[in-house]
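Student: sequence first, then the predicted structure, then my questions.
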Amino acid sequence: MEQATTKPFPRKIGWAELLKHATLIVTCVLLFFPFLLMLQMSLKTQKQIIFELFQIKSPFHYDNYAKAFREIWPLVGNSFMMAIVSVVLSVFLASLAGYAFARLRFPFKRVLFAIFFLKMLIPGVANLIPSYKLALHLGILDTYLPVILFCAGTTMPFWVFVMRTFIEQQPKELFESMRIDGAKEWRIFSSLAMPLMRAMVVLMSINVFTFIWNDYIWPLVTIPTNTALYPITLGLARLATLYKGQLGVLTAGYTLACIPLLILFIFTMRHFIDGLTSGSVKM
Amino acid sequence: MITTRKTKMKLSDYLQRGKNRTEMALGLLFVLPAALFCILFDWYPTIDGIIMAFYDWNGYDAPIFVGIQNFIDLFAHDELFLKSMKNMSIFVIGGLVLMFPTIIASVVLFRVRNSKAKYVYRVLFCIPMVIPFIVGLLMWQYIYNPQFGFLNQLLKQIGLESLRGVWLGDADLAIWSLLFMGFPWVTTGAVLIYIGGLQGVDSAIWEVSQLDGVGPVKKFFALEFPLILGQFKLNLIGAITAGVTGYTLQMIMTNGGPAFSTLVPGLYMYQLAFKSHRYGDAAAISIVLFAVSLLLSWVSIKFIKSKED
């Protein structure tokens, strides 16, 4: 909220204002501290880390990054594959269903909607073992599929609900006029509903992407032996045992793992912040 | 009269529907894939999990129905489970107390006058959200490293060598070390949600409070905190659920040790299922966790009243 009292040239910045900034700056420094520590360690040898942890001076060891890159790169690819397919699949299906619930009439609509709505109220905290059992029986362990399919299944309830609410808030006339012009439902969905939902699509995409990027336990369970398919999370944990005692290489690997999401964030920053701030739910 | 009107409505309704047969088919076609995913990969495991809790199953042989025996075993004979529940309550209570730095940071950020500075802080607060969770954990693991970890090196540097500890390897310290992680305990995603709540409030309220000369502390308790109670409740439920059911942290940092001092029920469930192949017992634990988190969430919704209620 822009406050009316803000003057173009505030001559005096009071103590109170300084204190606020100080609090926030200290908080930020402490928040980022582990990552700054990580960055400076990633350029050091083990000896430098043990004896000169608090000094930043050359020689810098960029070769740490070369070593870590070789280990990390294929796993970044794995995480990307799983995340992209999950995002495309779940965003597409959720917005399609959301549109239909908001604007179309079809049999069993209430029953079908209840399937999503009730699942939103019953969280899947007890799902790990039976989900594993299902993946085992479907014969899809040690593939990308468990991560992709179960992610699509579990994100559906919340986001179908969000998408439906969002489409319902849009003026009905827009859709009616297109229909009168003779557009088919698919065209209304793809060239009117989807563009309208852009902000929600971005928010859901980032949400699903970061979920896959951070997931540790589910891939650990469902990709038990095929290390070539490991996502980045499992890869980092494995790196920690592989390069035990080589903190420079390890921290270089951690740094590399941060880069893709940071890039994604930079491109979508505005949508992300606005979506989170304005879409804040009230209870 | 009324009946004829009703039949008329029905008739026109019927005609309308007849015209839109394709709409009906398309509606189903649009919804069914999403519903199928939800049923197969979310509903089915949920229901299967509830059923499994009443069976003995080792993953290979046919499951044997045992009724509530799994639950009786957990509460009556399983000391590890009881210990893990005790640890869980420490994590839950700790998690609730550690929600407050976030609220204070949000209010301070909201009170900053310069809107450009405000935006910069918000962007900075977003960045930790996109850093992989596991990277943060692994860095804290290093910070706690007993030989050359940051914390012990720092203590040596400032001449407090006597305070050096084996942070995660000490059964008395480990759980407190895990709670200390994430210092200064500001959850940045929640900050944005609180800010959103405060922004939604009519600006006249702030002007009036300024004219009345309300002090900063009183303003917090009388205005800001009550105004974000709704968001607080939402985050509270999130924190409770995370505290009751989460175990990635404990799994990566200590794997429940030393001497089970950081074992939580979720991790115990994982170990029972995937290490000991006692799937039935593990499913029973997950049902207990489900019930506990639901109960605590219900209590917090019930007893914290927000303005909108």
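Tutor: Good, I have the coordinates.
Student: A:Leu256: neighbour count?
Tutor: Counted with other C-beta atoms under 10 Å in any protein chain shown, the neighbours of A:Leu256 add up to 21. Any C-beta I mention is one placed from the backbone N, CA and C, and that applies to glycine too.
Student: ok, it - contacts?
Tutor: A:65, A:68-69, A:72, A:76 (C-beta atoms under 8 Å, 6 or more residues apart in numbering or on different chains).
Student: quick one: which of the residues you listed has the most company?
Tutor: Most neighbours among the contacts of A:Leu256, by other C-beta under 10 Å: A:Ala68, with 25 neighbours.
Student: isn't that one up against A:Gly253?
Tutor: Yes. Between A:Ala68 and A:Gly253 there is a contact under C-beta atoms under 8 Å: 3.7 Å.
Student: please enumerate the shared neighbours of those two.
Tutor: Residues touching both A:Ala68 and A:Gly253 (C-beta under 8 Å, 6+ apart): A:Leu239.
Student: rewinding a little: out of the contacts of A:Leu256, which one has the weakest pLDDT?
Tutor: Lowest pLDDT among these: A:Ile72, with 86.
Student: so that one is in which element?
Tutor: Element membership for A:Ile72 (DSSP states H and E) is helix A:63-103.
Student: that helix and chain B, are they touching?
Tutor: Yes. Using C-beta under 8 Å from any C-beta of the partner chain, a contact is recorded between helix A:63-103 and chain B, made by A:90, A:93-94, A:96-97, A:99-101.
Student: and the helix or strand following that helix, what other elements does it pack with?
Tutor: Scanning forward in sequence from helix A:63-103 by DSSP H and E, the next helix or strand is helix A:109-121. Counting contacts by 3 or more C-beta pairs under 8 Å, 6 or more residues apart in numbering or on different chains; DSSP states H and E, helix A:109-121 packs against helix A:63-103, helix A:145-169, helix B:21-38.
Student: right, and those helices - which one's nearest B:Ile304?
Tutor: When the helices and strands packed on helix A:109-121 are compared by C-beta to C-beta, helix A:145-169 sits nearest B:Ile304, at 22.7 Å.
Student: how about the closest one and chain B, any contact?
Tutor: Yes. Contact between helix A:145-169 and chain B, assessed by C-beta under 8 Å from any C-beta, occurs at A:149-150, A:152-154, A:156-157, A:160.
Student: work out for me the element the residue of the stretch 151-300 of chain B found nearest chain A sits within.
Tutor: The stretch 151-300 of chain B approaches chain A most closely through B:Gly196 (3.2 Å), counting by C-beta to the nearest C-beta. B:Gly196 is located in helix B:188-199, with elements delineated by DSSP H and E.
Student: distance from the chain centre to the longest helix belonging to chain B, please.
Tutor: Taking DSSP state H as the criterion, chain B has its longest helix at helix B:279-303. From the chain centre to the centre of helix B:279-303 is a distance of 13 Å (C-alpha atoms, centre = their mean, to the nearest Å).
Student: quick one: mean pLDDT for it?
Tutor: 90.
Student: same question, stretch B:30-47
Tutor: In this model, stretch B:30-47 carries a mean pLDDT of 95.
Student: so for A:Ile122, which of the helices and strands packed on helix A:109-121 sits nearest?
Tutor: Judged by C-beta to C-beta, the one of those that comes nearest to A:Ile122 is helix A:145-169, at 9.1 Å.
Student: after that closest one, next one along is what?
Tutor: helix A:172-180.
Student: that next one packs against which elements?
Tutor: By 3+ C-beta pairs under 8 Å, 6+ apart, helix A:172-180 packs against helix A:185-188.
Student: packing partners for the helix it packs on?
Tutor: Using 3+ C-beta pairs under 8 Å, 6+ apart as the test, helix A:185-188 ends up in contact with helix A:172-180, helix B:21-38.
Student: nearest residue to B:Leu137 other than its sequence neighbours?
Tutor: Leaving aside its chain neighbours, B:Leu137 sits nearest to B:Ile252 (5.1 Å; criterion: C-beta to C-beta, 6 or more residues apart in numbering or on different chains).
Student: what about the closest residue to A:Tyr99 other than its chain neighbours, how many residues close to it?
Tutor: Among residues not flanking A:Tyr99 along the chain, A:Ala193 sits closest, at 4.7 Å (C-beta to C-beta, 6+ apart). Around A:Ala193 there are 24 other residues, counting by other C-beta under 10 Å.
Student: got a list of what A:Ala193 touches?
Tutor: The contact partners of A:Ala193, taken as C-beta under 8 Å, 6+ apart, are A:95, A:99, A:103, A:167, A:175.
Student: most centrally placed residue in chain A?
Tutor: Centroid-nearest residue in chain A, with C-alpha atoms, centre = their mean: A:Thr210, separated by 1.9 Å.
Student: tell me the spacing between that one and B:Thr248.
Tutor: Going from A:Thr210 to B:Thr248 by C-beta to C-beta, to the nearest Å gives 14 Å.
Student: now do B:Phe100
Tutor: According to C-beta to C-beta, B:Phe100 stands 23 Å off from B:Thr248.
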